[in-house]
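Peer 1: the amino acid sequence is not available; the structure is as follows:
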């Protein structure tokens, strides 16, 4: 039997730090986050929506991202509830399961889709919240599903990709991804390449392109290389969602690399050492990566040249970076939203929410934020 071990990120980092220690007495030194740097002439954001849901455990790296469709905001409560808001008005709220919801929300084509720790996926009507269908996967669902071309595609944490008919919920196909025996507790969401193709990243440093209608594989590409000696040091999970930008596929990996692959030739264009567990951001021919040590780095998309690196937020558990208008935004462990000049890497503004920022995304020019403490909010430029 092939047993896989899911390791919390914090435990993996601590284990790596202790590898090689020969002393019988190991004094655990808690890494302190960098103090907040001063900002002159600060730019700021304004909050236009906020709600509170249940918190998630500190050791569980769930990213319960929000979604929006047709001007309606959809949020998930880990205690099994999904709600829809139009502005500040709640349109509906439904209890979909007694188990903890563990995936973010996917809303498209009239459906709202969420998943739980028992591997159940639920499809709701966007207008009423009525359950349309439910299905069972082979493991916990800890990343959002993808709705595309009449399919709902979700990944179980055992590495199996499931596709269901969006209308009936009938299973259309499955595809078993190879996974490493040891991996971090995390899972990249499936991402669309084109209407007929999705890409899924794995814990063994590969990405796979799959036909969304038939489940037939179209590409297999290695995007991360391990150089460690122990099982922990060899972890190279691709937990951040891949990003498709034109002909390029951009990926990050833990203890691995940021890699750009040409989808047409299926060849790696460039790869640079960087350890990250979050989705990179791509904008204006630049790739922005938040590394696990708090370094924020910008690369040229086509050449891989490092354009700048910001080290003023070290050890602040940075979220994924996103572009909001002309500014780059990244969240941290204390709930701060840092605004950064994408040309220079300079900090130019700061706002505060509640709890460690786990997920950022931009929809229709607005910033959607979710934190470990259950603060969900939407922001825009002032």
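Peer 2: Nice, thanks for sending it over. Everything quoted here is computed from the prediction, not taken from an experiment.
Peer 1: which stretches of the stretch 201-350 of the chain have low pLDDT?
Peer 2: Counting by pLDDT under 70, the stretch 201-350 of the chain contains no low-confidence residues.
Peer 1: over to the stretch 1-150 of the chain?
Peer 2: Under the criterion pLDDT under 70, the flagged ranges of the stretch 1-150 of the chain are 1-29.
Peer 1: going along the chain, name the helices of the protein.
Peer 2: Assigned by DSSP state H, the helices in the chain fall at 9-18.
Peer 1: got the domain boundaries for it?
Peer 2: By the record's domain assignment, the chain is partitioned as 38-59+314-382, 62-176 (automatic domain parsing).
Peer 1: what's the neighbour count on the closest residue to residue 381 other than its chain neighbours?
Peer 2: Closest residue in space to residue 381, ignoring its immediate chain neighbours: residue 325 at 5.1 Å, by C-beta to C-beta, 6 or more residues apart in numbering. In this view, the C-beta of every residue, glycine as well, is placed from N, C-alpha and C. Each residue near residue 325 was counted by other C-beta atoms under 10 Å, and the total is 15.
Peer 1: residue 325 touches residue 365, doesn't it?
Peer 2: Yes: the pair residue 325 and residue 365 qualifies as a contact (C-beta atoms under 8 Å) at a distance of 6.8 Å.
Peer 1: residue nearest the centroid of this structure?
Peer 2: residue 240 (4.7 Å; C-alpha atoms, centre = their mean).
Peer 1: could I get the phi/psi values of it?
Peer 2: phi -80, psi 140 (degrees, to the nearest 10).
Peer 1: now do the contacts for it.
Peer 2: 188, 201, 251, 252, 276, 277, 278, 279, 280, 320 (C-beta atoms under 8 Å, 6 or more residues apart in numbering).
Peer 1: neighbours of the residue lying closest to the second one once chain neighbours are set aside, how many?
Peer 2: This points to residue 201. The shortest distance from residue 201 to any non-neighbouring residue, by C-beta to C-beta, 6+ apart, is to residue 238 (3.6 Å). As a burial measure, residue 238 scores 27 neighbours (other C-beta under 10 Å).
Peer 1: and for residue 255?
Peer 2: One way to gauge burial is a neighbour count; for residue 255, by other C-beta under 10 Å, it gives 26.
Peer 1: and the one 4 residues further on, by the same measure?
Peer 2: As a burial measure, residue 259 scores 28 neighbours (other C-beta under 10 Å).
Peer 1: thinking it is in contact with residue 270, fair?
Peer 2: Yes: look at residue 259 against residue 270 with C-beta under 8 Å: they come within range, at 7.4 Å.
Peer 1: for the residue nearest to residue 201, give its distance to residue 149.
Peer 2: Separation of residue 238 from residue 149 (C-beta to C-beta, to the nearest Å): 24 Å.
Peer 1: what does residue 332 give?
Peer 2: 37 Å.
Peer 1: more crowded one of those two?
Peer 2: The neighbour count for residue 332 versus residue 149, taken as other C-beta under 10 Å, is higher for residue 332 (22 against 18).
Peer 1: in contact with that one, which residues?
Peer 2: For residue 332, the contacting residues are 33, 313, 316, 317, 318, 319, 338, 356, 357, by C-beta under 8 Å, 6+ apart.
Peer 1: rewinding a little: let's have the domains of the chain in a markdown table, adding distance to residue 197.
Peer 2: Formatted as a markdown table, these follow (distance: least, C-beta to C-beta, whole Å):
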| stretch | distance to residue 197 |
| --- | --- |
| domain 38-59+314-382 | 22 |
| domain 62-176 | 9 |
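Peer 1: so residue 347 bridges to which residues?
Peer 2: With DSSP bridges as the criterion, residue 347 is bridged to residue 340.
Peer 1: who's in contact with residue 104?
Peer 2: The contact partners of residue 104, taken as C-beta under 8 Å, 6+ apart, are 63, 64, 65, 66, 67, 76, 114, 143, 144, 189, 359, 370.
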